[in-house]
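Trainee: can't give you the sequence, but here's the structure:
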């Protein structure tokens, strides 16, 4: 059998899945690192669903985190005030997110590129501020508590037999639930973009008028992408925060949103998988960098900050090391945008997955230069001539 | 009973607003005071939005990092005044303007110029993301340098003692009749007015200003008559950043400063430029004043004072969403 | 094709104003059955405006457009496209970040949402082969030359299987050899019993290809009839030859 590059891709996918399953073992079941893994998967779902919206349909929404929060708050309030069980609230929350996503998606239809970005920023900020202000209803800045899921007994037993270290720490069930959601969400979105809707998404992104002239239902296509991606974001948010136990409005601030966007862009927002891998990669590198104590004092001397009278107290020092980590990350984002606009991971996946072009670009230019010598074009011309006497004889 | 959000309850029970109106706190004087306060802050909003308008009309992009220049402008003034006691405040403001101008111009050269030269695919997407990336970067740089705790620059001015009956001053406050106005805001508004006048003079009365306008109207025609559009881009972005920096520099003595203070500031400038019409200079001036007054009235008249401050930014954003949705060209807009 | 097998496009007294400028001042005509209608007129005569109104990108200020017994002017562009009016654009608009094959699949999937991908690809390849772009099938749209993009646009249009095709300047800026391919394409489409509206500045081809000519000038139909007759029409000669800085007539 002939070797094709796509086999490498299959092998890597298998490797990744195996890694995903055995990750808690790889980190020796340390609760902190299991939590990190779970959070990374949460960000990966958000980044890849954002890329479905931005990369595939070209709608640069900044309200993705707001939808995540909306779903979570909806679920939390359903549990607190309506007496829903967590799993019922999860479904309810996702549905509410879908309905709001539908409304916002319709409102955004008329808006192009930068106006859509502005509108969604406004929506996200209004939502966050209202949540923060309505203390009685949402818990305000202190957040809303969510109970964690309880698995039914038979499932619990089943999972215990499959995963021997299921009860090793509280984050193991959370990690596996998140991993399951991650695989399911990615698979769903992958199938969606492989279906006809995927082609419509990209056609609308490339040229809305031309797509409409070819019969693509532009309204449905754009709204569908909006609803699906916000529902997935809501779903991920609900599940994640059920395990964390608390959601605060600041989870939805623009800063978090930019983190998601940065992850998707660095991974490559034109590709779901690239965005997801970008998020995982970046979350892990940020966590890993946190393990390395940055020499804050040295840095401050280098920047003459001490001369400027900013003494370092310990707490601030820790925060500042975090900040410098993010600075590097921001710089990476800008450089990626400038020099590798398709992201760092997507081009590799695309290269592995692409079928060989029948004719390379270089060959095509050669062919165009030799146009006069190409006969099949003329053959068709004369064919047509034979069919119709009106053909001009130029 | 389904627990309605209190916002909705308030909207439904609007008699609460009427009650408040007829009770002691809301009087004509109170409303006049709110309007005056709104106008004072509105001048500064207008200054910021003018910067964004300048950037939009010349480069045809919206800078999502506008608030971060505001933040940096404030921090520069704070750092100077904090370190050199007795440094003249006005000079510090000028330094802040220069610093933000340089940062803006350098960013434009490095990251936006390739776009103007057509070296970047999907320019509209790139413009959104790269300015967003810049805002991310600058926020964390300032967090790294300044730390997360709120800072407030010392006051470096005081009113002369005046008593003209109707107009009286104390060291920090101006009284119009019995309406007290915060001196810090008056001072900031005066500086902002001066800066606005200077910018308008520059735009309408100097060759370079005309060149900027020419480029904003027709890049190619401007290039034909010998204006280098690339240099004008750099100038416009630098000036836009500088105006935001100035707004921050004059407000740092009024508000306390954290690295993410620029986020609501950006949002406000977006509201104004959309309200006034993208790329319209008079639109951004009027829009700034409108936003200032709306915010002030909305906050001051909100029935529940405990939540009023929390809703401060919401009023503008609601206007924004409505304008974007109903009349995307804004009040003075030229075209989409 | 419509239920009763005929194609009927009726433009009734269409007026379009842009602010104070009148682009179309009451245009009416009817196209019935599979004919090739040439739509010509000097620059700014309103040809592209008319095309945009028929395909729903613009709404007429006044007047109606009917297609196969259905009023289409209030409909959205994609609805009109699904009813069977396909068009190309004056400036080529290939989907740049999609492969040529995906470009072809977009309208194909609109028309046949549940057809298997293999069958659809086969169909697309057949059309691409005819237009000599099949060797580019995995190439990105942005990698094509201008002429190839034009061919792609024509090919993509056939995937929608429209009854009426509006070709806006198909010959503009195309290599002469490719022009012959496009001639072949037009013949083929006519052979399939579709109606074509051809907009072109290339008088030579339009006079030889079309069975009927509609001449627009200043937003009005100044002549309508067989090419031989229209050629002799004094108003048309006036419109084209009256000012010698205008287009070249044969």
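Mentor: Cool, the structure landed. The shown structure was predicted, so the numbers you read here are calculated from the model rather than taken from an experiment. Numbering: from 1, shown residues only, chains lettered A, B, ... in the order given.
Trainee: going along the chain, name the helices of chain C.
Mentor: In chain C, helices defined by DSSP state H lie at C:47-54, C:77-83, C:100-111, C:117-130, C:146-159, C:176-191, C:203-209, C:227-232, C:234-241, listed in chain order.
Trainee: quick one, which of those gets closest to chain B.
Mentor: helix C:146-159 (16.6 Å; Cβ to the nearest Cβ). Placement of C-beta: from N, CA and C, glycine included.
Trainee: and residue C:200, what does it touch?
Mentor: When contacts are counted by Cβ atoms under 8 Å, 6 or more residues apart in numbering or on different chains, residue C:200 touches C:38, C:40, C:167, C:169, C:170, C:171, C:172, C:206.
Trainee: how about 10 Å then?
Mentor: Contact analysis of residue C:200 by Cβ atoms under 10 Å, 6 or more residues apart in numbering or on different chains lists C:38-40, C:47, C:167-172, C:206-207, C:209-210.
Trainee: turn the helices of chain C into a markdown table, including mean pLDDT.
Mentor: Shown next, in a markdown table, are the helices of chain C (pLDDT from 0 to 100):
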| stretch | mean pLDDT |
| --- | --- |
| helix C:47-54 | 91 |
| helix C:77-83 | 93 |
| helix C:100-111 | 91 |
| helix C:117-130 | 90 |
| helix C:146-159 | 88 |
| helix C:176-191 | 86 |
| helix C:203-209 | 83 |
| helix C:227-232 | 83 |
| helix C:234-241 | 75 |
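Trainee: a markdown table for those, including mean neighbour count?
Mentor: Shown next, in a markdown table, are those (neighbours: other Cβ atoms under 10 Å in any protein chain shown):
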| stretch | mean neighbour count |
| --- | --- |
| helix C:47-54 | 23 |
| helix C:77-83 | 21 |
| helix C:100-111 | 25 |
| helix C:117-130 | 16 |
| helix C:146-159 | 24 |
| helix C:176-191 | 20 |
| helix C:203-209 | 19 |
| helix C:227-232 | 15 |
| helix C:234-241 | 16 |
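Trainee: want to throw the ones you listed into a markdown table with distance to residue A:83?
Mentor: Below are those laid out as a markdown table (distance: least, Cβ to Cβ, whole Å):
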| stretch | distance to residue A:83 |
| --- | --- |
| helix C:47-54 | 56 |
| helix C:77-83 | 45 |
| helix C:100-111 | 45 |
| helix C:117-130 | 48 |
| helix C:146-159 | 54 |
| helix C:176-191 | 65 |
| helix C:203-209 | 74 |
| helix C:227-232 | 79 |
| helix C:234-241 | 78 |
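Trainee: so can I have JSON lines of those showing distance to chain B?
Mentor: Formatted as JSON lines, these follow (distance: least, Cβ to the nearest Cβ, whole Å):
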{"stretch": "helix C:47-54", "distance to chain B": "18"}
{"stretch": "helix C:77-83", "distance to chain B": "19"}
{"stretch": "helix C:100-111", "distance to chain B": "18"}
{"stretch": "helix C:117-130", "distance to chain B": "26"}
{"stretch": "helix C:146-159", "distance to chain B": "17"}
{"stretch": "helix C:176-191", "distance to chain B": "26"}
{"stretch": "helix C:203-209", "distance to chain B": "31"}
{"stretch": "helix C:227-232", "distance to chain B": "38"}
{"stretch": "helix C:234-241", "distance to chain B": "30"}
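Trainee: for residue B:220, which of these is the nearest?
Mentor: Residue B:220 lies closest to helix C:146-159 among those, at 21.6 Å (Cβ to Cβ).
Trainee: what's the closest of the helices of chain C to residue B:102?
Mentor: helix C:146-159 (43.1 Å).
Trainee: counting by contacts, list what that closest one packs against.
Mentor: When contacts are defined as 3 or more Cβ pairs under 10 Å, 6 or more residues apart in numbering or on different chains; DSSP states H and E, helix C:146-159 packs onto helix A:208-213, helix A:361-369, strand C:85-87, helix C:100-111, helix C:117-130, strand C:164-168, helix C:176-191.
Trainee: do the third one and chain A meet?
Mentor: Same thing as strand C:85-87. Yes: counting by Cβ under 10 Å from any Cβ of the partner chain, chain A has neighbours in strand C:85-87: C:85, C:86, C:87.
Trainee: JSON lines for the contacts of residue C:200, including distance to residue A:76?
Mentor: As requested, the contacts of residue C:200 are exported to JSON lines (distance: Cβ to Cβ, whole Å):
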{"residue": "C:38", "distance to residue A:76": "66"}
{"residue": "C:39", "distance to residue A:76": "62"}
{"residue": "C:40", "distance to residue A:76": "66"}
{"residue": "C:47", "distance to residue A:76": "59"}
{"residue": "C:167", "distance to residue A:76": "58"}
{"residue": "C:168", "distance to residue A:76": "55"}
{"residue": "C:169", "distance to residue A:76": "59"}
{"residue": "C:170", "distance to residue A:76": "59"}
{"residue": "C:171", "distance to residue A:76": "63"}
{"residue": "C:172", "distance to residue A:76": "60"}
{"residue": "C:206", "distance to residue A:76": "67"}
{"residue": "C:207", "distance to residue A:76": "73"}
{"residue": "C:209", "distance to residue A:76": "68"}
{"residue": "C:210", "distance to residue A:76": "68"}
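Trainee: which residues touch residue B:69?
Mentor: The contact partners of residue B:69, by Cβ under 10 Å, 6+ apart, come to B:48, B:51-52, B:63, B:96, B:99-101, B:103-104, B:107, B:134-135, B:138, B:237-238, B:240-248, B:262, B:265-266.
Trainee: which of those fall in helices?
Mentor: Counting by DSSP H, the contacts of residue B:69 place B:48, B:51-52, B:96, B:99-101, B:103-104, B:107, B:134-135, B:138, B:237-238, B:240-248, B:262, B:265-266 in helices.
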